[in-house]
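Colleague: With the sequence up front, the predicted model follows.
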Amino acid sequence: MREPAAELLAWYDRHGRELPWRVGPAARARGARPDPYHVWLSEVMLQQTTAAAVRGYFHRFTTLWPTVEALAAAEDGRVMGEWAGLGYYARARNLLKCARVIAEEHGGRFPETAEELRRLPGIGPYTAAAIAAIAFDRPETVVDGNVERVMARLHDIRTPLPAAKPELTARAAEMTPRARPGCYAQAVMDLGATICTPKRPACGLCPWREGCRGRLAGTAPELPAKTPKKPKPVRHGIAYLARRVDGAWLLERRPGSGLLGGMLGWPGSDWVEGAPEPAPPIRAEWHPVEAEVRHTFTHFHLRLALVTALVPMDRTPARGVFVEPAEFRPSDLPTVMRKAFDLVRER
DNA sequence: AACTCGGGGAC
DNA sequence: GTCCCAGAGTT
C-alpha cells in the first residue's frame, strides 16, 4: 500500500467535492492556481460554517467586490449588510480590516507565508495555514474540526478536546506531504465532511480504513471525546419596532464589538436572565405583539418580546434613526432581528 | 484555559 | 431539543 498521504490524494482526485472557490483537477493540471483573494474570503466564511451556507454569500461577495481592493473600498454598512445571516459578525469586521491592510500596506497582494498571514486581522492558525497551503502551495498543516476528528480516530486518541489539541496537531503535521499540500489539506477536510462524519462514519468507503486504529478498536464513532459543555440559560428582552407614518422604520446600528456588533437592529432593552427593563427609543403609544421571537445564540437562548408603534412625522427618537422604505433591506438584518420584522410585518 | 461570538442542517 | 460545523479574539 502507498503512503497514507498518497492514498488520500488519489481518493481526493476521484471524490473531492466541487466547490465555487476550488480549482478543479483539469484546470489544476494546466497549472491554474486559485485566486488568493478567493481562498482567503472562502476560508473566513467557512469558519464554523458549512459549505452549503457559504456558497451564496461567496458568490455575492465576489460579484460585488471582485478584488481585495474593491472590498477594501466598500462601505462598512454595505459589507455588514451582505454578511447578515451568516453569523459570527466579528468575521465581517475583521474581513474589512484585513482587506484594508492588504490594500494599503501590501499593495493588494496577500503574504505567502503562514507566519505573515497569521498577523492579519481575522486570520488565526487554521486560516493562515489554509491560505498558505491552498493558494501558495506551502507545506503547512491545517487543523480544523474535521482534521481533529480524523486524527483522533486514525490514531485512536481518547484524550478529550481541547486538551488533545497539541497531540492531534502533531499527528496531523507528521502526515502532511511535501507534494500538493493544498490538495492534501482539502482532502483531509473532505474526508471528514463526507466519510469520517461525526456520527455513523462510512468506514467501508474510507481510503484510510486499513490503518485506522479507531476503527479496529471500535472507538471511532465516539471520537473525538469532548469535555462537556455548560447548559444555555434563557435570556429575555424587548424589541421596539417603530414605524413612522411615511413608512420609515426606526433602526439602530449596534456597537462595533460584542454580540451582533456592527449590525443593524431594532432598539430594545438589555437581554437579561430575569425581567428586562423597558427601554422605548421614542415617545409613542406602544402595542405589544402576541407572538415572541425565539432564537438561540452560541451561549444562551433568547425570548424576545415585541412591541410596535405608529409615530407621527415630527417626533425625534432618543435612540436610532428612521430608515426610509426605499433604503431599508430586511436582508441587511441579522437573523434574530429579521425574525422580529417578519412577525410584525404580517400584522 | 475558559468565554464570547450565529446560524442552520442533521439527527 | 442537541450536536456539529474549513475558528478567532479576548480575558
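Modeller: Happy to help now that I have it.
Colleague: What residue in the stretch 151-300 of chain A comes nearest to DNA strand B?
Modeller: Proximity of the stretch 151-300 of chain A to DNA strand B (C-beta to the nearest atom of the strand) peaks at A:T298, 3.2 Å away. The C-beta positions use only the backbone N, C-alpha and C, and glycine is treated the same way.
Colleague: The closest residue to DNA strand B within chain A: which element?
Modeller: For chain A and DNA strand B, the shortest gap (C-beta to the nearest atom of the strand) falls at A:G87, measuring 2.7 Å. A:G87 belongs to no helix or strand when assigned by DSSP states H and E.
Colleague: for chain A, where's the lowest mean pLDDT among helices and strands?
Modeller: Lowest by mean pLDDT, DSSP states H and E among the helices and strands of chain A is helix A:25-29, with a mean of 86.
Colleague: Other residues contacting that helix?
Modeller: A:D13, A:G16, A:C183 (C-beta atoms under 8 Å, 6 or more residues apart in numbering).
Colleague: Now do the same for the last one: helix, strand or coil?
Modeller: Secondary structure assignment for A:C183 (DSSP: H, G, I helix; E, B strand; the rest coil): helix.
Colleague: how does chain A divide into domains?
Modeller: Per the record, chain A has its domains at A:4-222, A:234-345, by automatic domain parsing.
Colleague: would you turn these into a markdown table with mean neighbour count?
Modeller: Below are the domains of chain A laid out as a markdown table (neighbours: other C-beta atoms under 10 Å):
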| stretch | mean neighbour count |
| --- | --- |
| domain A:4-222 | 18 |
| domain A:234-345 | 16 |
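Colleague: Does the least confident helix or strand of chain A reach DNA strand C?
Modeller: No: judged by C-beta under 7 Å from any atom of the strand, helix A:25-29 makes no contact with DNA strand C; its nearest approach is 14.0 Å.
Colleague: Now A:G214: which helix or strand?
Modeller: Using DSSP H and E, A:G214 falls in helix A:213-217.
Colleague: Give me the helices and strands touching that helix, please.
Modeller: Helices and strands touching helix A:213-217, as assessed by 3 or more C-beta pairs under 8 Å, 6 or more residues apart in numbering; DSSP states H and E, comprise helix A:145-154.
Colleague: elements contacting the strand or helix carrying A:Y57?
Modeller: Counting by DSSP H and E, the element that carries A:Y57 is helix A:51-64. If you count contacts as 3+ C-beta pairs under 8 Å, 6+ apart, helix A:51-64 packs onto helix A:36-45, helix A:76-83.
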